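Trainee: My questions are about this predicted structure, shown below with the sequence.
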Amino acid sequence: AVMIYSEGLKSQHLAHAVSKDDLISWQRRGALSVGEARWTAGRYGAPFVWAEGDCWWMALMGEAETQTHQSAIGLLHSSDGVHWQLLPEAAGVEMGL
């Protein structure tokens with residue numbers, strides 16, 4: 001099993017850990033890179049990850065505008081759950097608060 005989670009407060013990033021069988025014992029595997037986009041320039045986190053066939057998907061919340069804290073949700077995909085690629089920003093959703 002793989003767990004992807006937000007880590008850190010001042011230098012927030014995504015990280016991942018793996019569990020062999022019991023889902024009780026986890027081994028940290030380090031930070032994940034999500035690439036650069038307008039909405040990942042500030043803070044981002046709250047990943048929601050799922051698998052469909054041979055592809056992993058992640059919906060990720062970020063700050064589209066750091067001064068107004070306008071949120072955005074972007075979409076990423078991965079073939080292994082570790083190396084992620086951002087989909088074009090047009091695939092994401094901006095939300096005004």
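Mentor: Sure, I can see it.
Trainee: Would you map the strands across this structure?
Mentor: 2-7, 13-18, 27-32, 44-52, 55-65, 70-78, 85-86, 93-95 (DSSP state E).
Trainee: Next, format these as JSON lines and append mean neighbour count and mean pLDDT.
Mentor: Using the backbone N, CA and C atoms, a C-beta is placed for each residue, glycine as well. Supplementary listing: these in JSON lines, determined by neighbours: other CB atoms under 10 Å; pLDDT from 0 to 100:
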{"stretch": "strand 2-7", "mean neighbour count": "16", "mean pLDDT": "91"}
{"stretch": "strand 13-18", "mean neighbour count": "17", "mean pLDDT": "93"}
{"stretch": "strand 27-32", "mean neighbour count": "13", "mean pLDDT": "94"}
{"stretch": "strand 44-52", "mean neighbour count": "14", "mean pLDDT": "93"}
{"stretch": "strand 55-65", "mean neighbour count": "19", "mean pLDDT": "88"}
{"stretch": "strand 70-78", "mean neighbour count": "19", "mean pLDDT": "89"}
{"stretch": "strand 85-86", "mean neighbour count": "15", "mean pLDDT": "92"}
{"stretch": "strand 93-95", "mean neighbour count": "12", "mean pLDDT": "56"}
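Trainee: Including distance to residue 38, could these go into TSV?
Mentor: TSV is the format used below for these (distance: least, CB to CB, whole Å):
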stretch	distance to residue 38
strand 2-7	19
strand 13-18	17
strand 27-32	19
strand 44-52	11
strand 55-65	6
strand 70-78	8
strand 85-86	11
strand 93-95	10
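Trainee: so what's the residue lying closest to residue 27 once chain neighbours are set aside up against?
Mentor: For residue 27, ignoring the flanking residues on the chain, the nearest one in space by CB to CB, 6 or more residues apart in numbering is residue 18 at 5.6 Å. Residue 18 makes contacts with 1, 2, 3, 26, 27, 29, as judged by CB atoms under 8 Å, 6 or more residues apart in numbering.
Trainee: Appreciated, that's everything.
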